[in-house]
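A.B. asks: I would like the atomic coordinates for the input below:
(one chain, ligands or ions: 1)
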Amino acid sequence: MNKILKIKCPTCDEKFDYSRSEFRPFCCERCKLIDLGQWLDGAYTLESKENLSEEDLEIVIEEKLEQEENE
Ligand SMILES: [Zn+2]
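C.D. replies: Next up, the predicted model:
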């Protein structure tokens, strides 16, 4: 008998089989990317967002990742 652990996806609130998702704790890649976009939106204001080039955006992401590794 297979034990199925169902959890709720933080992005879409859908219940899914935790052990079978490749994108834990999200149910799918789409929800993972949506969550990533949400913290990116919070990283800078709307005004400064317009001035950011794609290059700047990569730097923001790298800084965020380094912070997480250090914690
Ligand atoms: Zn989801």
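
A.B. asks: Is stretch 3-16 positioned near the ion?
C.D. replies: Yes. Stretch 3-16 reaches the ion (CB under 5 Å from the ion) through Cys9, Thr11, Cys12, Glu14. (Each C-beta comes from the backbone N, C-alpha and C, glycine too.)

A.B. asks: which one is the second one nearest to, not counting chain neighbours?
C.D. replies: Excluding the flanking residues, the one nearest Thr11 by CB to CB, 6 or more residues apart in numbering is Cys31, at 3.6 Å.

A.B. asks: I'd assumed Phe16 was in a helix, is it?
C.D. replies: No. Under the criterion used here (DSSP: H, G, I helix; E, B strand; the rest coil), Phe16 is strand, not part of a helix.

A.B. asks: For burial, what's the neighbour tally of it?
C.D. replies: When neighbours are defined as other CB atoms under 10 Å, Phe16 has 21 of them.

A.B. asks: How about Glu58?
C.D. replies: Around Glu58 there are 10 other residues, counting by other CB under 10 Å.

A.B. asks: hang on, the earlier thing: you'd agree the residue nearest to Thr11 is up against Phe16?
C.D. replies: No. With contact defined as CB atoms under 8 Å, Cys31 does not count as touching Phe16 (9.4 Å).

A.B. asks: how about the strands in the chain?
C.D. replies: Under the criterion DSSP state E, the chain contains strands at 6-8, 15-17.

A.B. asks: Rebuild those as JSON lines, extending it with distance to Phe23.
C.D. replies: As requested, the strands of the chain are exported to JSON lines (distance: least, CB to CB, whole Å):
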{"stretch": "strand 6-8", "distance to Phe23": "12"}
{"stretch": "strand 15-17", "distance to Phe23": "10"}
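
A.B. asks: want to try CSV for those strands, with mean pLDDT as columns?
C.D. replies: Below are the strands of the chain laid out as CSV (pLDDT from 0 to 100):
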stretch, mean pLDDT
strand 6-8, 89
strand 15-17, 90
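
A.B. asks: quick one: average confidence on stretch 24-40?
C.D. replies: The predicted model gives stretch 24-40 an average pLDDT of 87.

A.B. asks: Can you tell me which residues in the chain are near the ion?
C.D. replies: Taking CB under 5 Å from the ion as the criterion, the chain approaches the ion at residues Cys9, Thr11, Cys12, Glu14, Cys27, Cys31.
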